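Chemist: make a model of this:
(one chain, ligands or ions: 1)
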Amino acid sequence: MECARITRIVEILVFGAGAIGSFFGGLLSQRHDVTLIGRAEHISAVKSHGLRVSGKTSIIAKPHAAMRVPQGAKPDFVFVTTKSYDTANTMIALRAFADRAIFVTLQNGLGNAETIARTARRVVAGTTAHGVTFVGPGEIRHAGVGETMIGAWSRVSESDLVRLRDLLADVGIVASVTSDIRTELWSKLVVNASINPIAALAEVPNGRIVRDKLLLGVLEAVCREATAVAKAEGARVDEEELRHRTILVAKRTAANRASMLQDLDRHHRTEIDAITGSIVRAAERHRISVPLNASLYALVRAREAAFRVTSGANVRD
Ligand code: PAF
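Modeler: Prediction:
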């Protein structure tokens, strides 16, 4: 497939400007009309000084920024990058665009594309392994380069996907189009479930998990259990390939504090339910034993409870 230079300015709304949303929105704003929607402090910092991206990418981006969907917005694309537990509420705020825009989810966990497609007509599901840390209001660090995959979820054509891929490529985000996005979502889920809870509980950046022999052993065992569940769910995955991929993601994002660790650091609710919870629930359906995933699920839930989870921290980091 040819990669065309995009000349027309495209209107893009990014709902959930945490680390990942700000990263995609910030880079796209270099060529397009992008509005980031997020929390007050971040939005006010972006409005005053722009969005500082440091690390593997170094720019100061100048997207529009707002706390609500601006009146008169007519987005061609809506990126949904909220935390997965907020997707249903997000779609209430975005229903005005449900018929005309293409919705793109890059969220962690399972179930987001289904939830979006209950309201929106045209949906692209995607995964990204870029490691991005929210440094503070107006600032993110691109800690690791990773693969981005996009695929049709509902009523999008091959040419819509190619257009989106080219939009991203044009601002330096390499994305691949897949014809089997469900397998991709399961693969990403396995990678996430094998890194995030361990990083969160051990309180270490991703790279430490693969450098520490004991932690690496846990990662591999968690990954094995999760892969068996993914296979039972019909995903076309291979145990050795996923083990290798998970280790590669952890190495490439070595300096990154995984999103679940960033959430616990800030005493915010985590996505354990959409990530490890999805694996534990599917394992129950298929009567597969997943003792490690079940333990990690219980332990992260306990950490959240101990923090008496604060509300309002709803964007994907
Ligand atoms: O959630 C995250 O932090 C990321 O998905 C990943 C790939 C684990 C890298 O930190």
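
Chemist: tally up the residues packed near the residue nearest to V171 when sequence neighbours are not counted, please.
Modeler: Spatial nearest neighbour of V171, excluding adjacent residues (Cβ to Cβ, 6 or more residues apart in numbering): L27 at 4.3 Å. In this view, the C-beta of every residue, glycine as well, is placed from N, C-alpha and C. For L27, the count of nearby residues is 23 (other Cβ atoms under 10 Å).

Chemist: what stretches of the stretch 151-300 of the chain score poorly on pLDDT?
Modeler: Judged by pLDDT under 70, the stretch 151-300 of the chain has no weakly predicted residues.

Chemist: scratch that, the stretch 1-150 of the chain is what I was asking about
Modeler: Applying pLDDT under 70 to the stretch 1-150 of the chain flags residues 1-7.

Chemist: which residues of it lie near the ligand?
Modeler: Residues of the stretch 1-150 of the chain found near the ligand (Cβ under 6 Å from any ligand atom) are N108, A129, G131.

Chemist: now list the buried members of those.
Modeler: Neighbour-count burial (16 or more other Cβ atoms under 10 Å) is assigned, among these, to N108, A129, G131.

Chemist: from the ligand, how far off is L110?
Modeler: Separation of L110 from the ligand (Cβ to the nearest ligand atom, to the nearest Å) stands at 13 Å.

Chemist: cool, and L292?
Modeler: Using Cβ to the nearest ligand atom, L292 is found at 17 Å from the ligand.

Chemist: what about that residue, distance to A193?
Modeler: Taking Cβ to Cβ, to the nearest Å as the measure, L292 falls 10 Å from A193.

Chemist: what's the neighbour count on A73?
Modeler: 18.

Chemist: quick one, phi/psi of the nearest residue to K47 once chain neighbours are set aside?
Modeler: Nearest in space to K47, with sequence neighbours left out and distances taken as Cβ to Cβ, 6+ apart, is A65 at 5.0 Å. Recorded main-chain torsions at A65 are phi -140, psi 140, according to degrees, to the nearest 10.

Chemist: hmm, S48 and A65 touching each other?
Modeler: No. Counting by Cβ atoms under 8 Å, A65 does not reach S48; the two are 9.5 Å apart.

Chemist: higher neighbour count, these two?
Modeler: Higher neighbour count among A65 and S48: A65, with 25 against 10, using other Cβ under 10 Å.

Chemist: quick check: bridge partners of that one?
Modeler: Bridge pairing for A65 (DSSP bridges) gives the partners L36.

Chemist: buried residues, the helix or strand hosting R303. List them.
Modeler: According to DSSP states H and E, R303 maps onto helix 291-306. Within helix 291-306, the residues that count as buried by 16+ other Cβ under 10 Å are L292, N293, A294, S295, L296, Y297, V300, R303, E304.

Chemist: which secondary structure elements does that helix contact?
Modeler: helix 181-202, helix 213-232, helix 259-265, helix 276-286 (3 or more Cβ pairs under 8 Å, 6 or more residues apart in numbering; DSSP states H and E).

Chemist: run the chain-centre distance for that helix.
Modeler: Offset of helix 291-306 from its chain centre (Cα atoms, centre = their mean, to the nearest Å): 21 Å.

Chemist: next, the angle helix 181-202 makes with that helix.
Modeler: Helix 291-306 and helix 181-202 are oriented at 60 degrees to each other (axes from the mean of the first three to the mean of the last three Cα atoms, to 10 degrees).

Chemist: what does the stretch 151-300 of the chain have sitting close to the ligand?
Modeler: Residues of the stretch 151-300 of the chain lying near the ligand by Cβ under 6 Å from any ligand atom: V191, N192, I195, N196, N206, V249, T253, N256, A258, S259.

Chemist: for the stretch 51-200 of the chain, which segments count as strands?
Modeler: Using DSSP state E, counting those that start in this stretch, the strands found in the stretch 51-200 of the chain span residues 51-55, 59-61, 64-66, 77-80, 102-105, 122-128, 131-136, 139-144, 148-154, 175-177.

Chemist: buried residues, the last one. List them.
Modeler: Along strand 175-177, the positions that meet the burial threshold by neighbour count (16+ other Cβ under 10 Å) are A175, V177.

Chemist: neighbouring strands of that strand in the sheet, and parallel or not?
Modeler: According to DSSP bridges, strand 175-177 forms sheet pairs with strand 148-154 (parallel).

Chemist: please report the distance of the residue nearest to V171 from K47.
Modeler: Per Cβ to Cβ, L27 is found 18 Å from K47.

Chemist: same check on A282?
Modeler: Separation of A282 from K47 (Cβ to Cβ): 42 Å.
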